[in-house]
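**Q** heads up, no residue letters with this:
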DNA sequence: TTTAGTGTATTAAGTTGCTTAATACACTTG
DNA sequence: CAAGTGTATTAAGCAACTTAATACACTAAA
């Protein structure tokens, strides 16, 4: 389900958040699906349950999960995270785009790169 | 010359690297200009010279500075960093662009945002 | 009602990275 | 020689991350 990269310098809980985000956004984990318990996922990843807990807290904070007392954590409905996710990514994208522009990449060249990114999956 | 943000969670030396990069890329520090000594800049920023040293090491690693033994550190000629900088930024940009695409932003909308980024300085 | 499984909270300990501090050294310039 | 460079080393303190061992309130099923 998830493979951790120990060469990655980021904290483990951040990696877990990122991987689970992708699984949710990509549809591998559907809304209202039950997430593995903090204990079982901790077991599976050879990581302390506290660390999983921290990742789940972050995911709930960002609207990807909701929790039912005594039952467990579940994938939140898409509307809970779709818009805020788009907004955050776009904000980061615009900052980075301006940096790329500052680095001397002309608009036409960047439009070409943009098209490449959207072209790829067309096969 | 530089103002540190103590609310920023990144290490100080990383902030310094980023600020100096911008000063160099933006032309405020011209090629072959002498950088402040690790001791004087440490004094100015109320930071240990070791921390400045670490930032300078990073900048030299990335091709922004060169060092002459006993004389000091200097801004590297533009060709030393121009291309690698562009390449690194573009690589990050493409990854982020694909994530934005995955988040459901249609190509046309993103092209519009791209144009906005390039439009702004036209006034 | 008991039992097992949830998320959550707390406390202590160990590790790692960042930062400071105090030196020391080889080098260049005046 | 003296002052100013980058560089290296060692020790110490601090904060964040992680593990570990518990404990608690809740829910579901036996």
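**A** That came in fine, so what should we check first? Just so you know, these numbers come straight off a predicted model, no measurement behind them.

**Q** dump the residue contacts of the residue of chain A found nearest DNA strand C.
**A** Scanning chain A for proximity to DNA strand C using Cβ to the nearest atom of the strand identifies residue A:37 as nearest, at 3.1 Å. (C-beta placed from N, C-alpha, C; glycine too.) Going by Cβ atoms under 8 Å, 6 or more residues apart in numbering or on different chains, residue A:37 touches residue A:72.

**Q** with adjacent residues omitted, what lies nearest to the residue positioned nearest the centre of chain A?
**A** Centroid check for chain A by Cα atoms, centre = their mean gives residue A:21 as the closest residue, at 2.9 Å. Nearest residue to residue A:21, sequence neighbours excluded (Cβ to Cβ, 6 or more residues apart in numbering or on different chains): residue A:64, at 6.2 Å.

**Q** that neighbour against residue A:24, yeah?
**A** Yes - between residue A:64 and residue A:24 there is a contact at 5.4 Å, judged by Cβ atoms under 8 Å.

**Q** of the two, who's got more company?
**A** Neighbour comparison, residue A:64 and residue A:24: the larger count goes to residue A:64, with 25 against 22 (by other Cβ atoms under 10 Å in any protein chain shown).

**Q** now the more buried one: how far from residue A:44?
**A** 19 Å (Cβ to Cβ, to the nearest Å).

**Q** how about residue A:110?
**A** Residue A:110 sits 41 Å away from residue A:44, taking Cβ to Cβ as the criterion.

**Q** what's around the residue in chain A that DNA strand D sits nearest to, how many residues?
**A** Residue nearest to DNA strand D within chain A (Cβ to the nearest atom of the strand): residue A:70, separated by 2.3 Å. Residues lying near residue A:70 (other Cβ under 10 Å) number 5.

**Q** same question for residue A:15.
**A** Neighbours around residue A:15, by other Cβ under 10 Å: 19.

**Q** list the contacts for it?
**A** Residues counted as contacts of residue A:15 (Cβ under 8 Å, 6+ apart) are A:4-5, A:8.

**Q** can I get those in JSON lines including pLDDT?
**A** Output for the contacts of residue A:15, formatted as JSON lines (pLDDT from 0 to 100):
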{"residue": "A:4", "pLDDT": "96"}
{"residue": "A:5", "pLDDT": "95"}
{"residue": "A:8", "pLDDT": "93"}
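
**Q** now, which of the residues you listed lie close to DNA strand D?
**A** Among the contacts of residue A:15, not one lies near DNA strand D by Cβ under 7 Å from any atom of the strand.

**Q** let's have those in JSON lines, adding distance to residue B:94 and neighbour count.
**A** Shown next, in JSON lines, are the contacts of residue A:15 (distance: Cβ to Cβ, whole Å; neighbours: other Cβ atoms under 10 Å in any protein chain shown):
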{"residue": "A:4", "distance to residue B:94": "25", "neighbour count": "12"}
{"residue": "A:5", "distance to residue B:94": "20", "neighbour count": "10"}
{"residue": "A:8", "distance to residue B:94": "20", "neighbour count": "11"}
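
**Q** touching, the residue nearest to the centre of chain A and residue A:59? I think so.
**A** Yes - contact criterion Cβ under 8 Å: residue A:21 and residue A:59 qualify, at 7.2 Å.

**Q** nearest spatial neighbour of residue A:118, chain-adjacent residues omitted?
**A** Leaving aside its chain neighbours, residue A:118 sits nearest to residue B:107 (4.6 Å; criterion: Cβ to Cβ, 6+ apart).

**Q** so what's the residue count around the one you found?
**A** Per other Cβ under 10 Å, the neighbour tally for residue B:107 reads 13.
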